[in-house]
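Asker: got a predicted structure plus its sequence, pasted below:
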Amino acid sequence: MKEYLARNISRYRKERGLTQEELALKLGISFQAVSKWENAQTMPEILLLPELSKTLMVSIDKLIGYVSKDEPISIYEEVYKIEGYYWGNEPNAACYQLLQLMPPKQHLKLLDIGCGEGKDAVFFARNGYDVTAFDISDAGIEKTKRLADKIDVHVNVFKADILDFRLDSNFDIIYSSGVLNYIKPEYRNELFNNYKQFTNSNGLHCLNVFVNKPFIGPPPEKESNSYKWQSGELLAHYHDWLIKDTSEIVFDCNSSGIPHKHAMTTVTAQKITSLAK
């Protein structure tokens with residue numbers, strides 16, 4: 001918890017536009033104390049947490065890394081409560097590509113970032129991968145569990161916010177579809193460095209992002225926490241990896257009941273850590 005708290009104090013302090021000295025002044029403490037918090041050397045006294053929470057304008061629960069089940073963060077929370085599957089049961093086409101590139105001939109650990117209702121995560125588990133998945137939606141997590149039970153496979157699924165969650169153990173494959181737009185631009189370098197660091201040698205990342213195009217209007221969903229990418233931006237995070245595939249497409253979408261278009265970039269990259277002999 002100390003590391004989560006340290007990272008979140010730094011993150012929310014910067015979002016409020018405060019220096020360490022300014023935060024310390026508001027709390028009546030030394031700036032050295034704030035520095036030690038943010039470096040995970042010490043933790044705030046429990047009596048300071050309410051004032052710290054108020055100053056940073058974030059709940060104590062979120063400050064320490066807990067996402068409340070009572071707070072609907074995703075616009076899909078209610079949508080996922082319908083009886084059927086909002087996105088259907090068919091896996092994304094990228095799942096088949098990944099299966100070809102790195103078939104589970106041996107034990108392979110796969111992380112699905114933002115699994116939604118679980119169709120892709122369950123597909124991977126059904127095909128023999130050791131699957132971990134997370135999402136911000138309680139309803140999505142429950143649907144993932146039910147779908148896994150129906151297929152009789154195991155998916156280690158849990159609730160987390162993509163902005164708060166960091167890896168601390170290695171995976172062979174990191175997969176994400178339609179979710180990375182929730183990462184604020186200022187956090188992208190840190191997050192992708194974390195994902196890359198905790199990827200095993202020869203591991204794969206298979207990811208996609210929505211990208212800005214002047215000839216495509218905004219989607220009908222009004223998501224204040226969604227941030228589009230620029231063409232080439234995702235690829236740039238993998239300049240030091242082997243690019244197995246990259247493409248950009250424009251496609252029709254009717255997810256909200258209103259026909260619209262998206263532009264999307266896909267990148268599949270492999271971590272090569274040893275020189276060929």
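Answerer: Received it, and whenever you're ready, just let me know what you need.

Asker: Thr266 bridge partners, please.
Answerer: Following DSSP bridges, Thr266 is listed with bridge partners Asn208, Ser247.

Asker: confidence score at it?
Answerer: According to the per-residue confidence, Thr266 scores 97 in pLDDT.

Asker: check contacts around it.
Answerer: Contacts for Thr266 were tallied using CB atoms under 8 Å, 6 or more residues apart in numbering; they are Ala94, Cys206, Leu207, Asn208, Asp245, Thr246, Ser247, Glu248, Ile249. Using the backbone N, CA and C atoms, a C-beta is placed for each residue, glycine as well.

Asker: just the buried residues of these.
Answerer: By neighbour count, with 16 or more other CB atoms under 10 Å, these hold Ala94, Cys206, Leu207, Asn208, Glu248 as buried.

Asker: now do the first one against Lys14, distance only.
Answerer: Going back to what we said before, that points to Ala94. Going from Ala94 to Lys14 by CB to CB, to the nearest Å gives 34 Å.

Asker: which among the buried ones among the contacts of Thr266 gets closest to Ala236?
Answerer: Of all the buried ones among the contacts of Thr266, the one sitting nearest Ala236 is Leu207; the distance, using CB to CB, is 12.7 Å.

Asker: now the element after the helix or strand bottoming out on mean pLDDT in the chain, going C-ward?
Answerer: The element with the least model confidence among the helices and strands of the chain, by mean pLDDT, DSSP states H and E, is helix 76-79, at a mean of 74. Under the assignment DSSP states H and E, the closest C-terminal helix or strand after helix 76-79 is helix 93-101.

Asker: for that next one, buried residues please.
Answerer: Neighbour-count burial for helix 93-101 flags Ala94, Cys95, Leu98, Leu99 (criterion: 16+ other CB under 10 Å).

Asker: the stretch 101-250 of the chain: helices as residue ranges?
Answerer: In the stretch 101-250 of the chain, the segments counted as helices under DSSP state H, counting those that start in this stretch are 119-126, 138-151, 188-197, 233-236.

Asker: quick one, which of these is nearest to Ile82?
Answerer: Shortest distance between Ile82 and the helices of the stretch 101-250 of the chain, using CB to CB, is found for helix 138-151: 8.9 Å.

Asker: next, the angle helix 119-126 makes with that closest one.
Answerer: With axes from the mean of the first three to the mean of the last three CA atoms, to 10 degrees defining the directions, helix 138-151 sits at 30 degrees from helix 119-126.

Asker: list the contacts of helix 138-151.
Answerer: Applying CB under 8 Å, 6+ apart, the contact partners of helix 138-151 are 69, 74, 76-78, 80-81, 85, 89, 115-119, 121-122, 125-126, 133, 135, 154-155, 157-159.

Asker: give me every residue that touches the residue nearest the centre of the chain.
Answerer: Taking CA atoms, centre = their mean as the criterion, Ile162 is the residue nearest the geometric centre of the chain, at 3.4 Å. Taking CB under 8 Å, 6+ apart as the criterion, Ile162 is in contact with Ile113, Gly114, Ile136, Val179, Leu180, Tyr182, Ile183, Leu191.

Asker: at 10 Å instead, please
Answerer: 113-114, 134-136, 176, 179-184, 187, 191 (CB atoms under 10 Å, 6 or more residues apart in numbering).

Asker: one more: Lys196?
Answerer: When the contact criterion is CB under 10 Å, 6+ apart, the partners of Lys196 are Leu167, Ile174, Gly203, His205, His237, Tyr238, Asp240, Trp241, Ala269, Lys271.

Asker: mind giving me the PyMOL select for those, buried ones only?
Answerer: A single PyMOL command suffices to select whichever of these are buried according to 16+ other CB under 10 Å:
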select buried, resi 167+174+203+205+237+238+241+269+271
